[in-house]
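1. Predicted model, plus sequence, below.
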Amino acid sequence: MDKFFHVEDIGDLSKALAEAKQVKETPFAWKHLGENKTIMLVFFNSSLRTRLSSQKAALNLGMNPVVLNIGQDSWKLETEMGVIMDGDKSEHLREAIPVMTSYCDLIGIRSFAGLTDREYDYNETVLNQFIEFGCKPVISLESATVHPCQAFADLITIEEYKKTKRPKVVMTWAPHPKALPQAVPNSFAEWMNAADVDFVIAQPEGYELDPRFAGNARIEYDQMKALEGADFVYAKNWSCPGVTNPADYGKILSKDMGWTVDAAHMAVTNNAYFMHCLPVRRNMIVSDEVIDAPTSLVIPEAANRVVSAQVVMKRMLESL
Ligand code: AN0
Ligand code: CP
């Protein structure tokens with residue numbers, strides 16, 4: 001395994017879930033694998049869970065994690081090719097990438113979408129430079145369009161808590177004061193489409209995800225109707241993906257607080273579990289009552305980030 005961006009990179013999902021279960025039960029059983037190996041975790045943006053869970057996963061495998069916060073600990077990096085570097089950026093990714101990969105065996109990158117240029121973001125311009133100019137296996141720790149470590153942890157959580165063989169999983173858009181990337185909903189949709197679940201996306205009009213990720217998922221514009229009989233409610237805000245109107249890419253089209261997941265929304269479900277990747281804005285995305293209820297899975301979901309990261313790193317170490 002030399003990259004982890006999309007669901008197909010992990011191969012057979014039932015095998016991956018069985019491996020996740022083993023890793024969770026015996027996290028230190030592969031401590032020899034990472035001996036004298038280093039993973040570089042490069043952050044262009046803030047993180048709590050990804051930063052900590054990736055370090056913990058690496059340590060469980062006996063590997064040394066090295067974390068770099070670009071622009072804070074390092075020089076500010078230029079990411080565009082062909083520009084005259086007369087601004088505040090002292091170094092180009094073209095040099096920084098091969099330098100960083102010369103110091104490690106695996107590399108993970110967090111680099112959010114800029115949300116201004118759809119083509120630049122959807123071509124994964126920054127992440128792909130790590131493939132082109134680096135020479136080590138690359139993990140997306142949320143890049144412009146995907147957050148696969150999150151989606152894998154979400155699937156592990158659903159597998160652990162599901163009460164029926166094929167649960168109904170509803171991903172619902174919810175309001176947020178700032179424009180957020182589409183990486184989390186893109187990956188969640190991609191992974192749910194590949195998993196054995198009944199998957200529905202509830203969203204206001206204009207928020208249609210890129211077809212590469214939405215696939216054949218059922219889209220419902222009436223949130224209450226979508227939530228009826230749901231076993232899992234996965235809330236997330238995302239900005240306009242610009243599918244129907246490219247000029248709206250990255251914009252906020254709605255702040256409708258009627259979409260905040262509250263007790264009235266949960267009442268029409270099949271006593272559903274509530275999920276969110278975190279960080280979450282309380283009483284914007286979800287009411288206190290719902291996130292504090294015993295049916296809220298946000299903490300076990302975050303804890304499973306160690307498991308998903310460890311399976312991915314383990315597979316990469318095994319194929320070095
Ligand atoms: C980011 C996002 O929505 O992509 C990170 C989520 C894991 N969220 C925020 O910036 C609040
Ligand atoms: N869910 C998630 O990736 O959280 P962080 O942004 O804190 O890493």
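-> It's in. Ligands and ions are numbered 1, 2, ... in the order given.
2. what helices or strands is the helix or strand where Val99 lies leaning on?
-> For Val99, the element it lies in under DSSP states H and E is helix 93-102. Applying 3 or more C-beta pairs under 8 Å, 6 or more residues apart in numbering; DSSP states H and E, we find helix 93-102 packed against strand 38-43, strand 77-78, helix 125-133. Where C-beta positions appear, they are placed from N, C-alpha and C, glycine not excepted.
3. buried ones in it?
-> 93, 96-97, 100-101 (16 or more other C-beta atoms under 10 Å).
4. ditto for stretch 163-177
-> Quick answer for stretch 163-177 (16+ other C-beta under 10 Å): 167-176.
5. Name the single longest helix found in this protein.
-> Taking DSSP state H as the criterion, the chain has its longest helix at helix 298-318.
6. Can you name the residues that contact Pro137?
-> 1-4, 105-107, 316, 319-320 (C-beta atoms under 8 Å, 6 or more residues apart in numbering).
7. Tell me which entries of the residues you listed lie within strands.
-> In strands, judged by DSSP state E, the following of these are found: 3-4, 106-107.
8. closest to ligand 2 among these?
-> Closest approach to ligand 2 among the ones in strands among the contacts of Pro137 (C-beta to the nearest ligand atom): Phe4, at 14.2 Å.
9. give me every residue that touches that closest one.
-> Contacts of Phe4 (C-beta under 8 Å, 6+ apart): 10, 137-140, 148-149, 312, 316.
10. can you give me the helices for the stretch 201-320 of the chain?
-> Using DSSP state H, counting those that start in this stretch, the helices of the stretch 201-320 of the chain run over residues 211-214, 223-227, 263-267, 288-291, 298-318.
11. Just say which of those helices is most tucked in.
-> helix 298-318 (a mean of 22; mean count of other C-beta atoms under 10 Å).
12. Out of all residues in this structure, which is the farthest from the middle?
-> Using C-alpha atoms, centre = their mean, the residue of the chain lying farthest from its centre is Asp86. It sits 34.2 Å away.
13. just checking, Trp191 is part of a helix?
-> Yes: using DSSP: H, G, I helix; E, B strand; the rest coil, the assignment for Trp191 is a helix.
14. which SS state does the nearest residue to it once chain neighbours are set aside fall under?
-> Among residues not flanking Trp191 along the chain, Ala151 sits closest, at 4.0 Å (C-beta to C-beta, 6 or more residues apart in numbering). Put simply, Ala151 is helix when judged by three-state DSSP.
15. what about the spatially closest residue to Arg315 that is not a sequence neighbour, neighbour count?
-> Sequence neighbours aside, Met1 is the residue nearest to Arg315 in space, at 4.4 Å (criterion: C-beta to C-beta, 6+ apart). Applying other C-beta atoms under 10 Å, we find 18 other residues in the vicinity of Met1.
16. Next, the contact list for Met1, please.
-> 9-10, 137, 312, 315-316, 318-319.
17. mind running it again at 7 Å?
-> 9, 137, 315-316, 319 (C-beta atoms under 7 Å, 6 or more residues apart in numbering).
18. How about Phe199?
-> With C-beta under 7 Å, 6+ apart as the criterion, the residues that contact Phe199 are 169, 192-193, 217.
19. Surely it forms part of a helix?
-> No: per three-state DSSP, Phe199 lies outside any helix segment and is strand.
20. is it in a bridge, and if so with what?
-> Val169 (DSSP bridges).
21. Residues of the stretch 151-300 of the chain that sit close to ligand 1?
-> Contact residues (C-beta under 6 Å from any ligand atom) of the stretch 151-300 of the chain with ligand 1: 180-181, 183-184, 277, 279.
22. any idea of the pLDDT on Met81?
-> Note for Met81: predicted pLDDT of 89.
23. SS state for it?
-> Under three-state DSSP, Met81 comes out as coil.
24. so how far is Asp121 from the nearest residue to it once chain neighbours are set aside?
-> Distances taken as C-beta to C-beta, 6+ apart put Arg94 closest to Met81, at 7.3 Å, once the chain neighbours are dropped. Distance of Arg94 to Asp121, computed by C-beta to C-beta, to the nearest Å: 20 Å.
25. Could you single out the nearest of the buried residues of helix 93-102 to ligand 1?
-> Closest to ligand 1, out of all of the buried residues of helix 93-102 and judged by C-beta to the nearest ligand atom, is Leu93, at 21.2 Å.
26. Deepest in the core, which of the helices and strands packed on helix 93-102 is it.
-> strand 38-43 (a mean of 22).
27. Does ligand 2 have contacts with that strand?
-> No: against ligand 2, strand 38-43 shows no contacts by C-beta under 6 Å from any ligand atom, the least distance being 8.9 Å.
28. just stretch 144-163 next, same as before
-> Yes: for a cut-off given as C-beta under 6 Å from any ligand atom, stretch 144-163 has contacts with ligand 2, namely Gln150.
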